[in-house]
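1. Provide a 3D model corresponding to the input given below.
(one chain, ligands or ions: 1)
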Amino acid sequence: MLQYQYLQSVVENKGAGYIVLIDPDRKNDGNIEAQVRAVNHSGADVIFVGGSLMMDGKFHDRMAKIKELAEVPVIFFPGSSNQLNAHVDALLFMSLISGRNPQYLIGEQVISAPIVKDLGLEAIPTGYILMDGGAATTVEFMSGTQPIPADRPDIAVAHALAAQYLGMRLIYLEAGSGAKNPVYVKTIQIVADQVDVPIVVGGGIRTPNEARKRVEAGASFIVTGSIIEESASEKLMQSFADAIHWKEQS
Ligand code: 1GP
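-> Okay, here's the model as predicted:
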């Protein structure tokens with residue numbers, strides 16, 4: 001089964017899906033294994049791997065380790081084309097559509113496409129929309145793009161619709177890793193009301209309750225990174241999974 005179909009089946013069966021983001025950077029050297037093992041037993045549906053900034057050269061080794069240990073699909077969430085590798089089940093083929101930096105709109109994609117083809121990876125076309133999360137984040141700085149103001153859901157809707165009409169199959173509403181404020185519930189509601197494409201929401205989500213509210217607003221997937229990185233707690237992941245999988249309890 002294609003990974004995109006798997007994602008669709010998660011939404012159909014559970015109401016929404018829980019994605020744990022693991023950043024294969026040096027800062028996680030000591031606890032990557034613990035994070036993946038916890039994911040395996042937590043009810044989480046997918047692992048995203050990736051980050052916007054790598055501080056050493058062991059990125060690919062850590063990716064291989066994550067893939068080897070993971071019992072759920074591993075989907076690559078690339079920070080740039082030079083992170084491409086085969087240790088994944090699919091990749092988000094993203095365009096940072098809220099920005100106006102051609103490198104992240106199309107440049108990185110052109111560099112990546114032949115390599116994706118050669119590696120035989122499933123590419124999931126994704127419109128990546130950066131919303132202001134209350135403080136500057138790594139993705140904002142590294143991509144040289146401005147986020148959409150948090151209180152302008154109309155601008156978010158216009159971008160999300162553009163993504164849909166361009167044929168993108170996921171819309172990622174991102175506040176940035178470690179964001180002070182996650183994407184507003186209201187924004188998700190307004191965007192979800194207008195588009196038919198599944199919406200992924202991440203950045204600054206720290207509690208199962210915050211995740212649940214965003215699912216109720218129309219998010220199809222919730223991503224948590226930092227909060228899990230801090231503790232690698234299986235119990236916390238379980239609470240996230242339970243809060244997000246609303247269909248399983250009804
Ligand atoms: C980043 O949305 C993810 O793309 C995760 O953010 O690290 O804040 O959970 P956090």
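2. show me what contacts residue 73?
-> With contact taken as C-beta atoms under 8 Å, 6 or more residues apart in numbering, residue 73 is in contact with 3, 6, 45-47, 89-90. Where C-beta positions appear, they are placed from N, C-alpha and C, glycine not excepted.
3. Was I right to think residue 75 contacts residue 89?
-> Yes - between residue 75 and residue 89 a contact is recorded at 6.3 Å, counting by C-beta atoms under 8 Å.
4. For the ligand, what's its nearest residue on the protein.
-> Closest to the ligand within the chain is residue 202: 2.2 Å, counting by C-beta to the nearest ligand atom.
5. rewinding a little: what is in contact with residue 75 and residue 89 at once?
-> In contact with both residue 75 and residue 89: residue 3, using C-beta under 8 Å, 6+ apart.
6. and those two? which has more neighbours close in?
-> residue 75 (24 against 18; other C-beta atoms under 10 Å).
7. Now do the SS call for the spatially most central residue of the chain.
-> Residue closest to the mean C-alpha point of the chain, counted by C-alpha atoms, centre = their mean, is residue 223 at 5.4 Å. Three-state call for residue 223 (DSSP: H, G, I helix; E, B strand; the rest coil): strand.
8. can you tell me if the top strand by length along the chain touches the ligand.
-> In the chain, with assignment by DSSP state E, the single longest strand is strand 122-130. No - Strand 122-130 lies apart from the ligand when judged by C-beta under 6 Å from any ligand atom; the minimum separation is 9.0 Å.
9. Mind listing the strands that strand pairs with, and their directions?
-> Strand pairing for strand 122-130, determined by DSSP bridges: strand 90-96 (parallel), strand 170-174 (parallel).
10. Could you list the contact residues of this protein toward the ligand?
-> Within the chain, the residues that sit near the ligand (C-beta under 6 Å from any ligand atom) are 21, 174, 177-179, 202-205, 223-227.
11. And stretch 200-217, what's buried?
-> Neighbour counts using 16 or more other C-beta atoms under 10 Å place 200-205, 208, 210-215, 217 of stretch 200-217 among the buried residues.
12. Could you export it as PDB, CA atoms only?
-> Taking C-alpha atoms only, stretch 200-217 is exported to PDB below (Å, rounded to 0.1, in the frame of the first residue of the first chain):
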ATOM      1  CA  VAL A 200      -1.400  18.400   9.100                       C
ATOM      2  CA  VAL A 201      -0.800  20.700  12.100                       C
ATOM      3  CA  GLY A 202       2.400  21.000  14.000                       C
ATOM      4  CA  GLY A 203       4.600  23.400  15.900                       C
ATOM      5  CA  GLY A 204       4.400  24.200  19.600                       C
ATOM      6  CA  ILE A 205       1.800  21.500  20.600                       C
ATOM      7  CA  ARG A 206       2.600  20.400  24.100                       C
ATOM      8  CA  THR A 207      -0.500  18.800  25.500                       C
ATOM      9  CA  PRO A 208      -3.000  16.100  24.400                       C
ATOM     10  CA  ASN A 209      -5.700  18.700  25.000                       C
ATOM     11  CA  GLU A 210      -4.100  21.200  22.600                       C
ATOM     12  CA  ALA A 211      -3.900  18.400  20.000                       C
ATOM     13  CA  ARG A 212      -7.500  17.300  20.600                       C
ATOM     14  CA  LYS A 213      -8.800  20.800  20.100                       C
ATOM     15  CA  ARG A 214      -7.000  21.100  16.800                       C
ATOM     16  CA  VAL A 215      -8.400  17.700  15.600                       C
ATOM     17  CA  GLU A 216     -11.900  18.900  16.600                       C
ATOM     18  CA  ALA A 217     -11.300  22.000  14.500                       C
END
